[in-house]
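In: pasting the sequence and the predicted model now:
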Amino acid sequence: MVNYLEKISTFLNQLLLWVGGITLVGMVLLTCSNIFLRLVWVPLKGTYEIMGFFSAIVAAFALGYTQVKRGHVGIDIVVSRFPKKIQKILHGVNYFICMFFFIVAGWQIVKLATTLRETGEVTETLGIVYYPFTYGVGLGCFVLALVFFVDLLKVIIKGEETQ
């Protein structure tokens, strides 16, 4: 079961990473275009709005992959001095707390997105709807929670060190 969930997690994180990467390329192109067009006094309208949405997607979609690759900052000065068994227990507790936090965060973000969809909230300049991007951030939180769940199962079932 752990291997199956790990494969699902890896697939989802790779997919989100590609979408986030393409979005990041779009951000670069948009920024360069806007800089160039400002030189001729015709800047792109709504660049600030689009960059905000794209930034949220890039950050949210990279969360899970970064955790898989252990790219988040971790300070374990104290924990590294404990015996291996205590370290595994602390890592398991940490994974559980992080998983719970990101499930709740994702759930609240999805609730916000649903409210934005129901109210028809749009941006001021371009009239872009907010909710698809907000759902995307919620998806990023849920996928990160899945990564923490897989890590927790590795510690509990396999006894692996995943830090």
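Out: Perfect, I can see it now.

In: longest helix in this protein, by residue count?
Out: helix 2-39 (DSSP state H).

In: got the phi and psi for the nearest residue to residue 45 once chain neighbours are set aside?
Out: With CB to CB, 6 or more residues apart in numbering as the criterion, residue 45 has its nearest non-adjacent residue at 5.8 Å, and that residue is residue 125. (Glycine included, C-beta is placed from N, CA and C.) Reported as degrees, to the nearest 10, the phi and psi values for residue 125 are phi -80, psi -50.

In: contacting residues for residue 125?
Out: The contact partners of residue 125, taken as CB atoms under 8 Å, 6 or more residues apart in numbering, are 45-46, 48-49.

In: may I see the buried residues of stretch 95-107?
Out: 95-96, 98-99, 102-103, 105-106 (16 or more other CB atoms under 10 Å).

In: typo on my end, stretch 43-63
Out: For stretch 43-63, by 16+ other CB under 10 Å, it's 47, 49-50, 53-54, 56-58, 60-63.

In: any idea of the mean pLDDT for that stretch?
Out: Averaging pLDDT along stretch 43-63 gives 95.

In: which stretches of this protein form helices?
Out: Using DSSP H, helices in the chain cover 2-39, 47-68, 84-119, 131-153.

In: to residue 76, which of the ones you listed lies closest?
Out: Comparison of the helices of the chain against residue 76 by CB to CB identifies helix 84-119 as nearest, at 8.2 Å.

In: quick one: residue 79 from residue 28, how far?
Out: Plainly put, residue 79 is 39 Å away from residue 28 if you go by CB to CB, to the nearest Å.

In: neighbours of residue 68, how many?
Out: 19 (other CB atoms under 10 Å).

In: now do the contacts for it.
Out: By CB under 8 Å, 6+ apart, the neighbours of residue 68 are 9-10, 13, 147.
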